[in-house]
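Visitor: sequence and predicted structure are below.
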Amino acid sequence: MTVTVNGKEEQIVLEISILEFLTSKEIDPNAVVVEHNFNIIEKENLGSVMLQENDTLEVLKFVGGG
């Protein structure tokens with residue numbers, strides 16, 4: 001299936017949760033904010049929201065600096 005992540009199409013073979021997707025990309029779920037189809041997903045729900053064909057994810061990591 002095809003999902004769009006940060007504006008780029010990605011192919012995912014199996015139906016997986018957002019948490020599983022982040023883990024497969026070695027992204028710490030505690031260090032990012034995830035928007036799924038224009039809705040912010042609470043960290044405690046990342047494991048229960050399953051990715052579907054044509055979903056859109058925005059994975060945002062905030063960094064400090066000056």
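Guide: Thanks, I have the structure now.
Visitor: in contact with the residue nearest to residue 13 when sequence neighbours are not counted, which residues?
Guide: Once flanking residues are discounted, residue 13 sits nearest to residue 1: 8.0 Å by Cβ to Cβ, 6 or more residues apart in numbering. Any C-beta I mention is one placed from the backbone N, CA and C, and that applies to glycine too. Listed by Cβ atoms under 8 Å, 6 or more residues apart in numbering, the contact set of residue 1 reads 11-13, 15, 51-54.
Visitor: now residue 1: how far from residue 33?
Guide: Per Cβ to Cβ, to the nearest Å, residue 1 is found 23 Å from residue 33.
Visitor: and if you look at residue 59?
Guide: As for residue 59, its distance to residue 33 is 8 Å (criterion: Cβ to Cβ).
Visitor: compare those two (neighbour count), which wins?
Guide: A count of neighbours by other Cβ atoms under 10 Å puts residue 59 above the other of residue 59 and residue 33, at 18 against 14.
Visitor: doesn't the more buried one lie inside a strand?
Guide: Yes: under DSSP: H, G, I helix; E, B strand; the rest coil, residue 59 falls within a strand.
Visitor: so it bridges to which residues?
Guide: Judged by DSSP bridges, the bridge partners of residue 59 are residue 34.
Visitor: thought residue 7 was touching it, still the case?
Guide: No: shown here, residue 59 and residue 7 do not form a contact pair, counting by Cβ atoms under 8 Å, at 10.9 Å.
Visitor: show me the shaky parts of this protein.
Guide: Flagging of the chain using pLDDT under 70 yields the residue ranges 66.
Visitor: break down it into its strands, ranges please.
Guide: In the chain, the strands defined using DSSP state E lie at 2-5, 8-11, 33-36, 39-41, 56-60.
Visitor: the shortest one packs against which elements?
Guide: The elements that strand 39-41 packs onto, with contact taken as 3 or more Cβ pairs under 8 Å, 6 or more residues apart in numbering; DSSP states H and E, are strand 33-36.
Visitor: do the same with the first one
Guide: Under the contact definition 3+ Cβ pairs under 8 Å, 6+ apart, strand 2-5 sits against strand 8-11, strand 56-60.
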